[in-house]
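Undergrad: Sequence and predicted model, in that order:
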Amino acid sequence: MKKLTRITSMAAGAVIAAGGISAGAIAADYPHKTVTIVLSHSLGGGQDRATRAFAKVWSKHLGSKLNVKPKNGASGRVGFDYWVKQPRDGSNLLSSNVGTTSIMYVRQRPNWSWTEKVHFLGLMGVDPGAIFVTAKSPFKSINDVIAAAKKETVIAGLSSWDSPENMVLSSLPKQTGIKPMRVIPIGGGSDVVTAVLGGHLPVGFGKVSSISRAGDKIRFLAVAMDKNDAPQITGNAPVLDKALGIKTIQVASYRAMIIPAEMANADKAGTKMLLDSFLAAKADPAYTKAAKKVGLPKDLLGDWTHTQLQDVAEKYWASYQDNANLFKVKVKDLKAKIKIAKIKDKGKYIYFTDKDGKQWKTRLHNRSTKFWLDGERVKGKKANKKAFAKLKVGNTCDITYSGLPLRAKTAKCMTK
C-alpha cells in the first residue's frame, strides 16, 4: 500500500510537471472571498459539530466567509465524489473523518485517486472511540460485557458497518472466546447514543464527543485507543486492550480538514496561507472553548501533519485488507409500514408502535430523508419542512432505515 502511495504521488507530480495541471490553473490569490467546506458526514454528528465550531473561528483568521455544505452518504463517498469535481484552487475544502472514509476508499474503489486528490491540511481534533452503556445498565465494566457474551449473543450498535469499530468487535470472539456479537449499524453517532438511551440497544460503540453529550445518563466502559486522553469526560474509563489483555486497532475519528492535492503541489503560497490560518485558529482560545463544548477538550486537539494523517489512512487500508471478509457482508435497508401515533416538532419526528408493542421515535430529516407525500416526491429543505408539517396522527407511511428505525432513509407518507 505504501508503494502504491509513492507511485501515485509521483504520477501526480509528473502530470503537473508535464503540464496536465498547470500551476497557473491551480494557483489563486488568497484568501478567496468565500470558501465552501464540503461535509462528508451526517448532520448533527461529531464531524458536523467540530467542523462548524472550527469554521467560525477559522473564518476570522483566514479572512474568508466559510460555508459548510453537507454531502453525506455511502460512508463519505457522496461527499468525496462531489468534492473532487469542484474547482481545485482551494475554494472548496473537505471535512472528513479519516477512519471511516479511508475504509470507504479501499472498499468502494471510486474512480479517483486518493493520493492525487487528497492532501491533509490539519486536524481539528481526535475523537476517540469508546464502548458505552446506560448508567443503569447491569454492565458495570467491559469485562461484564465479555462475561455475558461468553454465554449468549450480545447486541451492540455502531454508526456504520464499514468502520473501525466493526473491525474491533469482529476481532473479540477469537481473542476473548465470546460468541460473535450481533452488530447493528445505525447510521450516525448521535443515533447510536439515542438507541442506547432508549433501551433499544444494550451496548453502543461510538465516539467520545457524541457519547459525552448524554452526561450522567451513560457509562463509559472502555476507550479504544492506546491511552485515554479524555479521562475527565469518560469517567476515567480503561483502555480496551489493556482491560481485556488483547490487541486491536485504534479507533478514533481523526477530524481532518482536507485541501486538493493539486493545490498543495502547485500553489505553495496559497497552501501556506491556508495552513498558517488553520494553525492560528487551532491556537485561538475561542476554538479551545468551542471545541470543548462539542466534546473535544484541549488534550484531544493535537497538531498532526499531512504525513501523520496519511499514515493513519494507510494503517486503516491495511486493516481493511486483513478484515476483507467482514466487509463482504451486505447490510440491507429494512422496511416498515407504520401508522403515526404521535408527531413532534412539526413533523420532524414521528412516533409509531411496532408489532411487538415497542414505541419508536423516527426522524424525518429535511436533507437525508427522501420524502414522498401522497405519491409525489418532495425536494428541497423548505419544501420538505412544509410537507412534514402536513402529517397528522393516523397517517400511514412506508419507511426504510438501517439497523433501527431511528432515522428514515426514505418515507412515503399518505394523508388522504
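TA: Yep, it's here. In this text, all values refer to a predicted model and were calculated from it rather than measured experimentally. Numbering: from 1, shown residues only.

Undergrad: could you pull out the strands for the stretch 51-200 of the chain?
TA: 65-70, 92-97, 118-134, 155-158, 182-185 (DSSP state E, counting those that start in this stretch).

Undergrad: Now do stretch 321-340: distance from first to last residue.
TA: In terms of CA to CA, to the nearest Å, the two terminal residues of stretch 321-340 are separated by 44 Å.

Undergrad: circling back: can you list the strands of the stretch 51-200 of the chain in JSON lines and add mean neighbour count, distance to Asp345 and mean pLDDT?
TA: For glycine as for every other residue, the C-beta is placed from the backbone atoms N, C-alpha and C. Formatted as JSON lines, these follow (neighbours: other CB atoms under 10 Å; distance: least, CB to CB, whole Å; pLDDT from 0 to 100):
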{"stretch": "strand 65-70", "mean neighbour count": "16", "distance to Asp345": "19", "mean pLDDT": "94"}
{"stretch": "strand 92-97", "mean neighbour count": "26", "distance to Asp345": "27", "mean pLDDT": "95"}
{"stretch": "strand 118-134", "mean neighbour count": "25", "distance to Asp345": "24", "mean pLDDT": "95"}
{"stretch": "strand 155-158", "mean neighbour count": "22", "distance to Asp345": "24", "mean pLDDT": "95"}
{"stretch": "strand 182-185", "mean neighbour count": "18", "distance to Asp345": "25", "mean pLDDT": "93"}
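
Undergrad: Is it possible to get the ones you listed out as CSV so that each row also shows distance to Glu165?
TA: Formatted as CSV, the strands of the stretch 51-200 of the chain follow (distance: least, CB to CB, whole Å):
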stretch, distance to Glu165
strand 65-70, 22
strand 92-97, 12
strand 118-134, 6
strand 155-158, 4
strand 182-185, 9
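
Undergrad: right, and these - which one's nearest Phe220?
TA: Ranking the strands of the stretch 51-200 of the chain by proximity to Phe220 (CB to CB) places strand 118-134 first, at 5.2 Å.

Undergrad: which stretch among the strands of the stretch 51-200 of the chain comes nearest Asp216?
TA: Smallest distance to Asp216 across the strands of the stretch 51-200 of the chain (CB to CB): 10.4 Å, for strand 118-134.

Undergrad: beta partners for Ile155?
TA: Arg182 (DSSP bridges).

Undergrad: picking that back up, compare the strands of the stretch 51-200 of the chain and report which one is nearest to Pro260.
TA: Comparing those by their distance to Pro260 (CB to CB), the top pick is strand 118-134, with 6.7 Å.

Undergrad: what are the pairing partners of the closest one, and which direction each?
TA: According to DSSP bridges, strand 118-134 has the following sheet partners: strand 203-207 (antiparallel), strand 218-223 (antiparallel), strand 252-260 (antiparallel).

Undergrad: could you dump the first one to PDB, C-alpha only?
TA: The C-alpha coordinates for strand 203-207 follow below in PDB (Å, rounded to 0.1, in the frame of the first residue of the first chain):
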ATOM      1  CA  VAL A 203     -24.300  -1.700  24.200                       C
ATOM      2  CA  GLY A 204     -23.000   1.100  22.000                       C
ATOM      3  CA  PHE A 205     -19.700   1.800  20.300                       C
ATOM      4  CA  GLY A 206     -19.300   5.400  19.200                       C
ATOM      5  CA  LYS A 207     -17.100   8.500  19.600                       C
END
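
Undergrad: can you give me the angle it makes with strand 92-97?
TA: Here the directions of strand 203-207 and strand 92-97 differ by 150 degrees (axes from the mean of the first three to the mean of the last three CA atoms, to 10 degrees).

Undergrad: what does the helix or strand following strand 203-207 rub up against?
TA: Where DSSP states H and E defines the elements, the next helix or strand beyond strand 203-207 is helix 208-211. Residues external to helix 208-211 that are found in contact with it (CB atoms under 8 Å, 6 or more residues apart in numbering): 45-46, 49-50, 127-130, 132, 189-190, 192-193, 204, 218, 220, 223, 230, 233-234, 253, 294-296, 300.

Undergrad: before we move on, what about stretch 352-366?
TA: Stretch 352-366 is contacted from outside by 43, 198, 200, 336, 338-341, 344, 347-351, 369, 371, 381, 384-385, 388, 399, 401, 404-408, 411, using CB under 8 Å, 6+ apart.

Undergrad: Among these, the buried ones, what's the PyMOL command?
TA: Remark: buried members of these, expressed as a PyMOL selection using 16 or more other CB atoms under 10 Å:
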select buried, resi 43+200+336+338+340+347+348+350+369+371+384+388+399+401+404+405+406+407+408+411
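
Undergrad: what sits against Gly198?
TA: Lys361.

Undergrad: From Gly206, how far off is it?
TA: Distance, Gly198 to Gly206, using CB to CB, to the nearest Å: 14 Å.

Undergrad: before we move on, what about Lys346?
TA: Lys346 sits 28 Å away from Gly206, going by CB to CB.
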